[in-house]
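>>> the following comprises the amino acid sequence and a computationally predicted model.
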Amino acid sequence: MRQKNDFNHVESLYWVFTQLCNDQCDHCYNLSGPKGRRMGESDCMAVIENLPERIDRLILSGGEPLAERQLLYKIIDRLKERYGNSTQFMLQTNGDLLTGEILDTLVEKGFTRFDIASIDRYHKAAGGRLSELADLFESRGFIGDQDDPLVRKEQYLHDYPLSWGYWGSTDDMWLGGNWARGRALKKGIWKKDPEHNFCAIHSGAIGFLNGDEGITQEVSIQLWDINPCCPGTFEPMGDARIDRIADILEKVSGHAVFSHLDDGDPLGMGESLGVTREHAEKRCGELGNVCLWCDEFFRDHFDIRRLKERS
């Protein structure tokens, strides 16, 4: 992989600014629901101040972002004030609360891409609103695009067409298929396959520092926790309310543990500490999931905040 010098430029940033949601799905990795964790406006503004100077695309998600619509409006207003048209703003939503009036306001405020992330059996409507939403987007002149935009790199332009797409969790992919986290872990809806390396696909840690040909560099923020991947590590790399994202990325970039994560190789991240690949493979097999091995590694072997081996 190439080595990146300027961490004040991030290709993609995924920010879950709320875990409040109108639904309470069995597969939810961050325990979103009617009682989900929330951020105050001041904390949101502090996070925005600590974002990199340049971001090619910024995805706001939840929870359900439209469950905190007024806060969402304040966030996008501040983001547009800071980044103008140099950043593409995307909204990931379950679509349940989306109306024509709300869509018009969101477009006026600067969102150009919408992803309906609820077309599966886990969500309350189980994809039942898809036809209605398709008509809504079509009536506003949106381009329907079922290719997943989160894994493409070529459309970093200053003039973004209005587009939308949809997807959902399946047994093999996304939240219910892979992430041993949150309600998905409690309900047993996670991929029990130690051979499946989620770290090496988009939304895993691969490329979070450097990106590469065909791999978008993406950093994840869960409320204020800074993570190398969407599922998140056992402990976060930093707190975006007080830590500059660029400083955190710079801090971890020279460490062998994170170089392996950047390569999508969680089984090798302990080699510099004497935790062999063979041990990692054995534990991953016993735990049944690469994310659970990652949790164990950071809990038992490596302090992610101090960047030191645990004694």
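Here it is on my side, so go on. All of these numbers come straight from a predicted model, not from anything done at the bench.
>>> any chance of the backbone angles for residue 70?
Here is the backbone geometry of residue 70 (degrees, to the nearest 10): phi -70, psi -40.
>>> same question, residue 276
phi -70, psi 160.
>>> what separates the nearest residue to it once chain neighbours are set aside from residue 216, distance-wise?
For residue 276, ignoring the flanking residues on the chain, the nearest one in space by C-beta to C-beta, 6 or more residues apart in numbering is residue 270 at 7.5 Å. (Each C-beta comes from the backbone N, C-alpha and C, glycine too.) Relative to residue 216, residue 270 is positioned 26 Å away (C-beta to C-beta, to the nearest Å).
>>> so which residues of this protein form strands?
Assigned by DSSP state E, the strands in the chain fall at 9-16, 54-61, 88-93, 111-116, 143-144, 163-166, 218-222, 225-227, 238-239, 302-303, 308-309.
>>> tell me the most buried of these?
strand 218-222 (a mean of 24; mean count of other C-beta atoms under 10 Å).
>>> pairing partners for that strand, with directions?
strand 9-16 (parallel), strand 225-227 (antiparallel) (DSSP bridges).
>>> in a markdown table, list the ones you listed along with distance to residue 101 and mean pLDDT.
As requested, these are exported to a markdown table (distance: least, C-beta to C-beta, whole Å; pLDDT from 0 to 100):
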| stretch | distance to residue 101 | mean pLDDT |
| --- | --- | --- |
| strand 9-16 | 25 | 96 |
| strand 225-227 | 33 | 98 |
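>>> next, format these as CSV and append distance to residue 29.
Output for those, formatted as CSV (distance: least, C-beta to C-beta, whole Å):
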stretch, distance to residue 29
strand 9-16, 10
strand 225-227, 12
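>>> quick one: low-confidence residue ranges for the stretch 1-150 of the chain.
Within the stretch 1-150 of the chain, the stretches with pLDDT under 70 are 1-4, 146-150.
>>> if we use 80, what do you get?
Along the stretch 1-150 of the chain, segments meeting pLDDT under 80 span 1-5, 145-150.
>>> spell out the residue ranges of the helices in it.
Remark: helices assigned in the stretch 1-150 of the chain by DSSP state H, counting those that start in this stretch are 41-49, 69-83, 100-109, 130-139.
>>> figure out which of these is closest to residue 220.
helix 41-49 (12.6 Å; C-beta to C-beta).
>>> gap between the closest one and the chain center?
18 Å (C-alpha atoms, centre = their mean, to the nearest Å).
>>> who are the packing partners of it?
Applying 3 or more C-beta pairs under 8 Å, 6 or more residues apart in numbering; DSSP states H and E, one finds that helix 41-49 contacts helix 69-83.
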